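# curious how this folds, go ahead:
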Amino acid sequence: MTLAARLGPLLPARVVAGAAARVYPRFEPELRRLADFCPRGGTAVDIGGWYGPWTRHLARRADRVVTVEPVPGLAATLRSTAPGNVRVVEAAAAESEGTATLWLPTGGGERGVSSLVRRDRLHSMGLQVRTVSVDGLELDDVRLVKVDVDGHEAAVLRGAERTLARCRPALFVELEVRIQPVEPVLELLAGHGYTGWVLPDAHWIPLGAFDLAGHQERTAHVAEHGLLRRTVLPHRRYVNSVLFLPDGRSPRVHGPAERGVAR
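Below you'll find the predicted structure:
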């Protein structure tokens, strides 16, 4: 267990949520580049909210944010700390409505690695939770869907197919070959007319020009470091998320004054 995971439960929820929002753009620099792919206004969906770093930043750009978080303690923290234009749905995103077992690591779900897909070496406890689909939320004017569900991405996206067809939102999806094969997600989104983009350094490049699996294999040791270590100490970038845009669209590059993310 990392130092941040040990300290988190000992600190007030508001302190942890505020720290996560400030620190996370260093850990996931795409969050500093929201203006490149997330238009202002409309609805943004944060699936796998954790302590809300994406939720807070999205709330500054979107008119409405819907955050889906299945861990009860984290959902309660989000409800008490998120901005007023955020609606928190305490459930796990899936292909359809119902119930499922959410797998948690020893110590609880605050580490942000809970999933409906069990990893034997990580998950030791099961919790029955409600499941919802993105389509079942019946949202209008969806402009961005962020998905961080530790291996359950394909099912979440299958549950969003009507929303993708109707709204054509940008998608920001965590994909890690050490957790699940990424091909099902790539094939699914290609079938819906989406192209992947990654940000390995200062410039967006097409996913087709980037060896995601090879990169993750070479930098896998970085993924084992905790959030605190990865944000404080210099390290090589570990790219574990892909931006998907409808075919014909590419990330727009904005200057610092236009990005709208607090430093």
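
# what number of residues lie near residue 122?
Residues lying near residue 122 (other C-beta atoms under 10 Å) number 16. (Each C-beta comes from the backbone N, C-alpha and C, glycine too.)

# distance-wise, check it relative to residue 68.
21 Å (C-beta to C-beta, to the nearest Å).

# ok, residue 48 next?
Counting by C-beta to C-beta, the gap from residue 48 to residue 68 is 7 Å.

# what touches both of those two?
Common contacts of residue 48 and residue 68 (C-beta atoms under 8 Å, 6 or more residues apart in numbering): residue 93.

# contacting residues for the residue nearest to residue 65 when sequence neighbours are not counted?
Spatially, and ignoring its direct neighbours in sequence, residue 65 is nearest to residue 86 (4.5 Å; C-beta to C-beta, 6 or more residues apart in numbering). Neighbouring residues of residue 86 by C-beta under 8 Å, 6+ apart: 55, 59, 64, 65, 66, 67, 78.

# who does the fourth one bridge with?
Taking DSSP bridges, one obtains residue 44, residue 86 as the residues bridged to residue 65.

# could you pull up phi and psi at the nearest residue to residue 237 once chain neighbours are set aside?
Nearest non-adjacent residue to residue 237, counting by C-beta to C-beta, 6+ apart: residue 200, 6.1 Å away. Residue 200 adopts backbone torsions of phi -70, psi -20, taken as degrees, to the nearest 10.

# how many neighbouring residues does residue 200 have?
Neighbour tally, residue 200, other C-beta under 10 Å: 15.

# hang on, residue 155 in a strand?
No: under DSSP: H, G, I helix; E, B strand; the rest coil, residue 155 falls outside any strand and is assigned helix.
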